[in-house]
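Participant: attaching a predicted model along with its sequence, questions to come.
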Amino acid sequence: MITVHARVGGRVVEQPLALGDPLPPNTVWIDLLRPDEAERAHVGAVTGCDLPTREEMKEIEASSQLYTEGEAVYLTSSVIARADTPNPEQGEITFVLTPRHMITVRFTEPRSVATFAARTGRQPELLASAEDALLGILDAVIDRVADVLELIGARIDGLSSRIFTDSLDAKGFGRAAKKPDELQDVLRGIGRAGDLTHKVRDSLAGLDRLVAFLSSVAAGRLTKEQKAALKTLTRDLRSLNEHAGFLAHEANFLLDATLGLINIEQNAIIKIFSVVSVALMPPTLIASAYGMNFHNMPELDWDFGYPMAIVLMVLSAVVPLWYFRRRGWL
């Protein structure tokens, strides 16, 4: 699908572009969403640009992501989409800057593009030129990354509260052990937060390279205000990179803490079984001794032999439990 954004009479007009149709006058931004070969060829013909294919956009070499051809500058970076859903996506988007147009080629639908499109309707000056359009959409992409980092931070805070907040038992006394299902749910939450943080850091790395390349190759065609805006984007990316690193560290810390809690819960269960086994060993030994049925066993003829054996077994079980309790092992 091809969508063009043109400035008409001081306002921005958004309309689809059919195959074979010429570009409307004063077109600044051309957006290609999941274009097929015919759409890609048509936009390339009317703009004079050789637009990359989806396979070319996925190449990881810097020379394949950031390059110039004639007067056109090609910039490709990964962006985050559907970040607030259980299945966030990471896809590539290519920005092509020409003297007259700014072209975006994408096979994903990040919220930042829709946000920028809506913003141009309220602020037509964002499409004053191709350079302004590129800086504006990059600003929207970076703003969205900041929102995603805030979302990750909120999720990590919630997970931290679930891990480190003591829960009371049903009667309100003492700390109740966390249920295995709760810890498993926390582990899944940490995994999702860590995966999203990794995707964001990868996107930030691509955007950082993109802005640095744009600063070097397009400095001569940018105005003073545009250069200032580009420097602001650079500072924003640096601060977001630092914050993303902090969140990654927090996710690793919560993962270690959760695994430690699981280990403590498992040790507590094993301790209970060990104490029960030790407490039952003496009664078992006594019962085994008097169950051998040898002929010469004087206790078998005693009137109080059976009560004596019961008392011995009870005492042999109670004494180890009392000792463990006194030592603080229970």
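Facilitator: Received the coordinates, thanks.

Participant: can I take it that residue 22 is in a helix?
Facilitator: No: under DSSP: H, G, I helix; E, B strand; the rest coil, residue 22 falls outside any helix and is assigned coil.

Participant: by contact count, what packs against the biggest helix by length in the chain?
Facilitator: For the chain, the helix that runs over the most residues, judged by DSSP state H, is helix 224-289. Secondary-structure packing of helix 224-289 (3 or more C-beta pairs under 8 Å, 6 or more residues apart in numbering; DSSP states H and E): helix 130-164, helix 180-217, helix 305-326. Where you see a C-beta, it was placed from the backbone N, CA and C, and this is true even at glycine.

Participant: show the average pLDDT along that helix.
Facilitator: Averaging pLDDT along helix 224-289 gives 87.

Participant: so residue 155 sits against residue 190, correct?
Facilitator: No: the criterion here is C-beta atoms under 8 Å, and residue 155 misses it with residue 190 at 9.0 Å.

Participant: neighbour count for those two, which is higher?
Facilitator: More neighbours surround residue 190 than the other of residue 155 and residue 190, with 25 against 18 (other C-beta atoms under 10 Å).

Participant: just checking, that one touches residue 256?
Facilitator: No: taking contacts as C-beta under 8 Å, residue 190 lies outside contact range of residue 256: 9.9 Å.

Participant: using TSV, lay out the helices and strands packed on helix 224-289 together with distance to residue 252 and mean pLDDT.
Facilitator: TSV is the format used below for the helices and strands packed on helix 224-289 (distance: least, C-beta to C-beta, whole Å; pLDDT from 0 to 100):
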stretch	distance to residue 252	mean pLDDT
helix 130-164	11	91
helix 180-217	8	88
helix 305-326	37	82
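
Participant: can I get those in JSON lines with distance to residue 105?
Facilitator: Formatted as JSON lines, the helices and strands packed on helix 224-289 follow (distance: least, C-beta to C-beta, whole Å):
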{"stretch": "helix 130-164", "distance to residue 105": "13"}
{"stretch": "helix 180-217", "distance to residue 105": "14"}
{"stretch": "helix 305-326", "distance to residue 105": "70"}
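
Participant: and these: which comes nearest residue 60?
Facilitator: helix 180-217 (9.7 Å; C-beta to C-beta).

Participant: what comes up buried for that closest one?
Facilitator: Buried residues in helix 180-217, counted by 16 or more other C-beta atoms under 10 Å: 183, 186-187, 189-190, 192-194, 196-197, 199-201, 203-204, 206-211, 213-214.

Participant: same question, stretch 49-59
Facilitator: Buried-residue list, stretch 49-59, by 16+ other C-beta under 10 Å: 49, 51, 52, 56, 57.

Participant: distance check, the residue lying closest to residue 255 once chain neighbours are set aside against residue 251.
Facilitator: In space, residue 255 comes closest to residue 190 once its chain neighbours are excluded; the distance is 5.1 Å by C-beta to C-beta, 6 or more residues apart in numbering. Residue 190 is 6 Å from residue 251, where distance means C-beta to C-beta, to the nearest Å.

Participant: also residue 198?
Facilitator: Distance from residue 198 to residue 251, by C-beta to C-beta: 9 Å.

Participant: check residue 283 too.
Facilitator: Residue 283 is 50 Å from residue 251, where distance means C-beta to C-beta.

Participant: cool, residue 267 as well?
Facilitator: 25 Å.

Participant: between these two, which is the more surrounded one?
Facilitator: Between residue 267 and residue 251, counted using other C-beta under 10 Å, the more crowded position is residue 251 (24 against 10).

Participant: my read: that one touches residue 189, true?
Facilitator: No: here residue 251 lies out of contact with residue 189, judged by C-beta under 8 Å, at a distance of 9.8 Å.

Participant: quickly list what's touching both of those two.
Facilitator: With contacts taken as C-beta atoms under 8 Å, 6 or more residues apart in numbering, residue 251 and residue 189 have no neighbour in common.

Participant: how far does stretch 245-262 sit from its chain's centre?
Facilitator: 13 Å (C-alpha atoms, centre = their mean, to the nearest Å).

Participant: sorry, that was for stretch 23-35
Facilitator: The answer for stretch 23-35 is 32 Å, by C-alpha atoms, centre = their mean.

Participant: heads up, I number from 36, so please use that
Facilitator: Yes, from this point I'll number from 36; that puts the last item at stretch 58-70.

Participant: residues contacting residue 175?
Facilitator: Applying C-beta under 8 Å, 6+ apart, the residues contacting residue 175 are 147, 148, 150, 151, 154.

Participant: can you redo those as CSV with neighbour count?
Facilitator: Converted to CSV, the contacts of residue 175 look like this (neighbours: other C-beta atoms under 10 Å):
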residue, neighbour count
147, 23
148, 21
150, 15
151, 25
154, 15
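
Participant: for residue 335, see how far away residue 104 is.
Facilitator: Counting by C-beta to C-beta, the gap from residue 104 to residue 335 is 104 Å.

Participant: picking up where we left off before, closest one of the contacts of residue 175 to residue 355?
Facilitator: Relative to residue 355, the closest of the contacts of residue 175 is residue 147; by C-beta to C-beta it sits at 66.5 Å.
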